[in-house]
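S.K.: With the input below, show me the fold.
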Amino acid sequence: MKEHISSDIACKLLFRNPYYFASFVNAVLFDGNQGIDPLEVEDYVSDVSSIMIKNGNHFKNIKRYRDITKKIPHKGVYHVLGVEHQSTIDQKMVVRTGIYEMLDYYNQLISGRKKLMPNIMIVFYTGSSTWKSPQRLQEMMNKAKGMEKYYNDWKYFFVDIKEIDTTKIKDPQVRYLVEAVQGLYEGDYERLNQDIVVKGKILEVVAAFTHSEELLEELMREEEINMCEGSKRIMENLKGQGREEGRQEILNELMSEEENMCEDSKRIVHTLKKEGELNNQRKIVLKQLQIKFGVVSKELMMEIDKFSSQQLNILIEHIFDISSEDDILQLIH
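M.R.: Numbering: from 1, shown residues only. Below is the predicted model of the structure:
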């Protein structure tokens, strides 16, 4: 089984491609117009955050880097464009982005630059919840009436993947990615069913952003996937993925039509069938252990969830030789 990547790593992999990065930025900052050219996007390395943290009687120097930082020209002026990916809500985000920017300006000055390159900070949120964190520094302050104009302020540009207008995204792969994430969050699985050859890496990012790795794992085995009609129907029907009986009904229906499906669809059906058989094996093992021990610990249940079909079969064959949970782990490992 392929090792799943975190959503942060997925975002970095996505924006490593200058065409994907430019398409995203042009959609969210320039209303779909070409504000930046992908051929002019440069990586920008800056040790932007070095903070002294007191730990007991000692101070510790902690360095932080923005997730993605690029140098881009726009209207004859170079800008530093940072993207900070968030899958969860961070109440300190406006302070974090302020630190990043000010330290980059400081680094620019000590490197000899006379005029600073402006920083633009995008917070790119891919979580399912509603973002409820301050987006301006003054929103975090206890302010005195009439004094607001004297307080410094700081802000970041906030982008929620659930709210992006996909008609403004020019690159078809990035557009599919955003629409797929929106569809998974909204339960509108029709948005996954598009007549497009989807790159495996794009599906990998969709899975990481939405924590749907198992659902999309079979599709990600190929470098490129042609979403044929059979594949589309499977993705649509998996809307009931949380209900095991519903999934089995879908599987039975699909298997009856398997001979008319494309190879991608047949492979998905085969994987779903194996998944169902594995779940049935786990149920049998857990039922037998509950009869034998009365109560099965949460830790053991988690271990059994990781067992392969072969391991489960070994456990079933030796069920009468087991007298404790430790015996199970010794038998399997």
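
S.K.: just checking, Asn29 touches Phe21?
M.R.: Wrong residue type there; residue 29 is Leu, not Asn. No. Look at Leu29 against Phe21 with CB atoms under 8 Å: they stay out of range, at 11.6 Å. Where C-beta positions appear, they are placed from N, C-alpha and C, glycine not excepted.

S.K.: After the lengthiest strand in the chain, which helix or strand is next?
M.R.: Criterion DSSP state E: the longest strand present in the chain is strand 77-86. Downstream of strand 77-86, the next assigned helix or strand under DSSP states H and E is helix 93-110.

S.K.: The helix or strand that comes right after that next one: partners in the sheet, and parallel or antiparallel?
M.R.: Counting by DSSP H and E, the element after helix 93-110 in chain order, helix or strand, is strand 119-125. Strand 119-125 sits in its sheet next to strand 77-86 (parallel), strand 157-160 (parallel), going by DSSP bridges.

S.K.: Kindly reformat those strands as TSV containing mean pLDDT and mean neighbour count.
M.R.: TSV is the format used below for those (pLDDT from 0 to 100; neighbours: other CB atoms under 10 Å):
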stretch	mean pLDDT	mean neighbour count
strand 77-86	94	20
strand 157-160	97	17
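
S.K.: Now render those as TSV, adding distance to Met117.
M.R.: Shown next, in TSV, are the strands paired with strand 119-125 (distance: least, CB to CB, whole Å):
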stretch	distance to Met117
strand 77-86	5
strand 157-160	17
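
S.K.: looking at those, which is closest to Leu39?
M.R.: Checking those against Leu39 by CB to CB gives strand 77-86 as the closest, at 14.9 Å.

S.K.: Check which residues of stretch 107-125 are buried.
M.R.: By 16 or more other CB atoms under 10 Å, the buried positions in stretch 107-125 come out as Gln108, Met117, Asn119, Ile120, Met121, Ile122, Val123, Phe124, Tyr125.

S.K.: still on that earlier bit, who's more crowded, Leu29 and Phe21?
M.R.: Phe21 (22 against 17; other CB atoms under 10 Å).

S.K.: give me the number of residues near the closest residue to that one other than its chain neighbours?
M.R.: The shortest distance from Phe21 to any non-neighbouring residue, by CB to CB, 6 or more residues apart in numbering, is to Phe15 (4.4 Å). Neighbourhood size, Phe15 [other CB under 10 Å]: 22.

S.K.: could you dump the buried residues of stretch 107-125 to a markdown table with distance to Asn279 and pLDDT?
M.R.: Listed next are these as a markdown table, based on distance: CB to CB, whole Å; pLDDT from 0 to 100:
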| residue | distance to Asn279 | pLDDT |
| --- | --- | --- |
| Gln108 | 56 | 91 |
| Met117 | 55 | 96 |
| Asn119 | 50 | 95 |
| Ile120 | 48 | 95 |
| Met121 | 45 | 94 |
| Ile122 | 41 | 96 |
| Val123 | 39 | 97 |
| Phe124 | 35 | 97 |
| Tyr125 | 33 | 96 |
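
S.K.: Please identify which of those residues is nearest to Ile202.
M.R.: Using CB to CB, the buried residues of stretch 107-125 come closest to Ile202 at Phe124, 16.0 Å.

S.K.: From Ile332, how far out is the closest one?
M.R.: 42 Å (CB to CB, to the nearest Å).

S.K.: shaky segments in the stretch 51-200 of the chain?
M.R.: Across the stretch 51-200 of the chain, the ranges flagged by pLDDT under 70 are 51-65.

S.K.: need the contact list for Gln42.
M.R.: Actually, residue 42 is Glu rather than Gln. Lys70, Lys71, Ile72 (CB atoms under 8 Å, 6 or more residues apart in numbering).

S.K.: beta partners of the last one?
M.R.: With DSSP bridges applied, Ile72 shows beta-bridge pairing to His79.

S.K.: Number of residues surrounding it?
M.R.: Counted with other CB under 10 Å, Ile72 comes out at 23.

S.K.: does it really touch Ile36, like I thought?
M.R.: Yes. Taking contacts as CB under 8 Å, Ile72 lies within contact range of Ile36: 4.8 Å.

S.K.: Touching both of those two, which residues are there?
M.R.: Val25.

S.K.: ok, back up a step: return the member of the buried residues of stretch 107-125 nearest to His211.
M.R.: When those are compared against His211 (criterion: CB to CB), the nearest one is Tyr125, at 14.6 Å.

S.K.: Surely the closest one and Gln135 touch.
M.R.: No. Counting by CB under 8 Å, Tyr125 sits too far from Gln135 to count as a contact (10.8 Å).
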